[in-house]
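Engineer: A predicted structure for the sequence below; I have some questions about it.
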Number of protein chains: 2
Amino acid sequence: MFLKGYLPYRLNLLAELTSENTQAIYRRRHDLTRPEWRVLVNLAEAESLTASELCDRVPAHKTKVSRALASLEAKGWLTRRTDAADRRVAHASLTLKGKRAFNRIRPEMEQATEALLAPLTPEERQRLDEGLKVLERLFGQA
Amino acid sequence: MFLKGYLPYRLNLLAELTSENTQAIYRRRHDLTRPEWRVLVNLAEAESLTASELCDRVPAHKTKVSRALASLEAKGWLTRRTDAADRRVAHASLTLKGKRAFNRIRPEMEQATEALLAPLTPEERQRLDEGLKVLERLFGQA
DNA sequence: GGGTATTAGTTGAAAATGTAACTATCAACG
DNA sequence: CGTTGATAGTTACATTTTCAACTAATACCC
């Protein structure tokens, strides 16, 4: 069979299966899209970021980031202030409300992932991590 | 950092990066969506399949499969005949034209993937494969 | 058989995404 | 300065995906 051994297929399938539980959390329970969730995470970790910086980190195309920022701003989870030196640029940062939301969602996400991986032995987890690192090095992600 | 070590994120990112080149082939060069491409592959490997069987194999929701089948049928790449014993069911199979198309696209896909993985040593490929197998076993895919 | 529930597959509307064009601002160079 | 080109970010439109409702056919069960 062609597909079964085909790397992009294998990765896409595993990504989908792995994301199923976690997606349900941010989508259904907290009404966030994936770009919104990722923007939230990145802002929680970085204090203040511009849309361009978020594009690099999320990573995603600028339209996704733009819409995610607009939506999170509408929720009152972040504010933006334009840069004094370059008025094209806006710095986004989480409000207290946004930080609280992240602190509510994050443990649910970690718990769902941990539940998924629970059947794996430490040795298997190690093997999985090593395998992914091979690709991450290839893409310069690590 | 939370995201960087977070499995669903890592997998999704790697899946996207890995799929970039190959997507360009079936999308831009051959004007196929991903569901269409996957349906094509599965039919090429299985002679004849119903929509439900394709849903399991692709894998994808039935609306995606239904639309992919309609589109490939419109191209003249497959035909469907309704089952004699159960007239709800239709068996799809590739036409000669469809088989030729697959035989044109497939080597391009393999070549693109091989080009991507070219920098990896055999030992690294082995490590990657072992890592993915851990998850595939977890999901009962292997 | 006749009613009810399932199943196969399609369709329509809403949400999300991708692509390209657009606005506003800044930089560079005469 | 003033024109030209680049950059940050948004908006508009087309395509894709998702979700729910739908049609048609079969299975169940009395």
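Structural biologist: In hand now; what should we look at? Numbering: from 1, shown residues only, chains lettered A, B, ... in the order given.
Engineer: residues in contact with the residue positioned nearest the centre of chain A?
Structural biologist: Centroid check for chain A by Cα atoms, centre = their mean gives residue A:38 as the closest residue, at 3.1 Å. Residue A:38 makes contact with A:58, A:60, A:68, B:3, B:9 under the criterion Cβ atoms under 8 Å, 6 or more residues apart in numbering or on different chains. C-beta coordinates here come from the backbone N, C-alpha and C atoms, glycine included.
Engineer: could you restrict the residues you listed to the ones contacting DNA strand D?
Structural biologist: Among the contacts of residue A:38, no residue sits close to DNA strand D (Cβ under 7 Å from any atom of the strand).
Engineer: these in helices, which ones?
Structural biologist: A:68, B:9 (DSSP state H).
Engineer: tell me which residues of the longest helix seen in chain A come out buried.
Structural biologist: With secondary structure taken from DSSP H, chain A has its longest helix at helix A:96-117. Applying a neighbour-count criterion of 16 or more other Cβ atoms under 10 Å in any protein chain shown, the buried positions in helix A:96-117 are A:98, A:99, A:101, A:102, A:105, A:109, A:112, A:113, A:116, A:117.
Engineer: count of residues packed around residue A:20?
Structural biologist: 12 (other Cβ atoms under 10 Å in any protein chain shown).
Engineer: where's it, which helix or strand?
Structural biologist: Under the criterion of DSSP states H and E, residue A:20 resides in helix A:7-24.
Engineer: next one: residue A:79
Structural biologist: Using DSSP H and E, the element containing residue A:79 is strand A:78-82.
Engineer: if you count neighbours, what's buried in that strand?
Structural biologist: Buried positions in strand A:78-82, judged by neighbour count with 16+ other Cβ under 10 Å: A:78, A:80.
Engineer: what is the mean pLDDT for that strand?
Structural biologist: Strand A:78-82 comes out with an average pLDDT of 98.
Engineer: related to what we said a few turns ago, farthest pair within the buried residues of helix A:96-117?
Structural biologist: Farthest pair in the buried residues of helix A:96-117 (Cβ to Cβ) is A:98 and A:117. Separation: 28.3 Å.
Engineer: which other residues reach the helix holding residue A:20?
Structural biologist: Contacts with helix A:7-24, where a contact means Cβ under 8 Å, 6+ apart, come from A:3-4, A:34, A:109, A:112-113, A:115-116, B:7-8, B:11-12, B:14-15, B:18-19, B:22, B:38, B:59, B:113, B:116-117, B:128, B:132, B:135-136, B:139, B:141.
Engineer: secondary structure element for the residue of chain A found nearest chain B?
Structural biologist: In chain A, the residue that lies nearest chain B is residue A:131 (1.5 Å; Cβ to the nearest Cβ). Taking DSSP H and E as the criterion, residue A:131 maps to helix A:122-138.
Engineer: pLDDT wise, what is residue A:4 at?
Structural biologist: 71.
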